[in-house]
Structures are given as structure tokens and as C-alpha cells.
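Visitor: Sequence plus the predicted model coming up.
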Amino acid sequence: MKWTTPIVAAALSLAFLANASAQEPRCNPSGNQAELNACAADDFNKADRELNTTWQALLRKEADDKVFIAKLRAAQKAWLAFRDAELEAHFACKDEDSRVCWGSMEAMSFMMRKKDLTQQRTKMLKDMLEHGHGHYQ
């Protein structure tokens, strides 16, 4: 029975290593492609949080205008469909079954474009929030 302790220790070590290698890479601007992809994902997530914060603020500000809120919700739903279609078009592959036709930088480039589109929409919503709907700057 003395040999069970080393076996258990070895099994736990292997489980730890398997779990560590399965973890998502963290952002490292000087790192490998996976770490750069993580940076792009972090940047998009930050932009998405700002969009959602602005969206919620606009809904609160205009809560009494039910017609505007309904139209805004429809516009946001359409914008999300546009964003997704725009990304699909931008990163279209000749072989539709393949999502790697753009190489190892595809995930990073995709997230950077998604972030840019999200920031553009946030700017539009902030304009409505700051100046009211019906205003054009």
C-alpha cells in the first residue's frame, strides 16, 4: 500500500497540468498569437460593456417615451443583425465550412473589427443620450 501515495500524487499532478493547459490564454501584448487574440477579446469585452452601460442609461433617460423605446429596441435588434452580417461578410471564406481561411490572426482581426463596430454604435447611442433623439450632430 505504500505505492498508492506516489500514484495519487502523480495523478493529481497530471490533473493539474491538464487543467492548466486547458485554461484560456491571458492577454499579453508582446506574447504569442493566442495571447494577442486574448487582448483583442478583452478590448471587445470592454467596448461591449460600454455599449451596454450606454444602452441602459439611454433606456432609463427615455423611459417615459414608449414609442421611442420601442423604435430604439427595434433599431438595436437590427444593428446586432447588421453587425453580425458585416462580420460574416468581412471574414467570408471561399470554403464556407472553414473558419480558418484567414490564418492564425483571424480571431484577433475578427474581435478588433467587432470592437470597432461596437464603438461606432456606442458613439451613436451616446449622441442620443447626450443630445436627445431627433438631434443630428
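Guide: Received it, and whenever you're ready, just let me know what you need.
Visitor: For the protein, name the helix or strand with the lowest mean pLDDT.
Guide: Lowest by mean pLDDT, DSSP states H and E among the helices and strands of the chain is helix 4-22, with a mean of 50.
Visitor: show me where pLDDT drops low in this protein?
Guide: For the chain, applying pLDDT under 70 flags the ranges 1-22, 96-100, 135-137.
Visitor: Regarding it, what is its longest helix?
Guide: In the chain, assigned by DSSP state H, the helix with the most residues is helix 33-61.
Visitor: Going by neighbour count, list what's buried in it.
Guide: Within helix 33-61, the residues that qualify as buried are 36-41, 43-44, 47, 51, 54-55, 58-59, counting by 16 or more other Cβ atoms under 10 Å. All C-beta spots, glycine's among them, are computed from the backbone N, C-alpha and C.
Visitor: Following element in sequence after that helix, please.
Guide: helix 66-90 (DSSP states H and E).
Visitor: could you say what helices and strands that following helix packs with?
Guide: Applying 3 or more Cβ pairs under 8 Å, 6 or more residues apart in numbering; DSSP states H and E, one finds that helix 66-90 contacts helix 33-61, helix 106-131.
Visitor: quick one on the thing from earlier: next, the angle from the longest helix of the chain to helix 66-90.
Guide: On the basis of axes from the mean of the first three to the mean of the last three Cα atoms, to 10 degrees, helix 33-61 is oriented at 160 degrees to helix 66-90.
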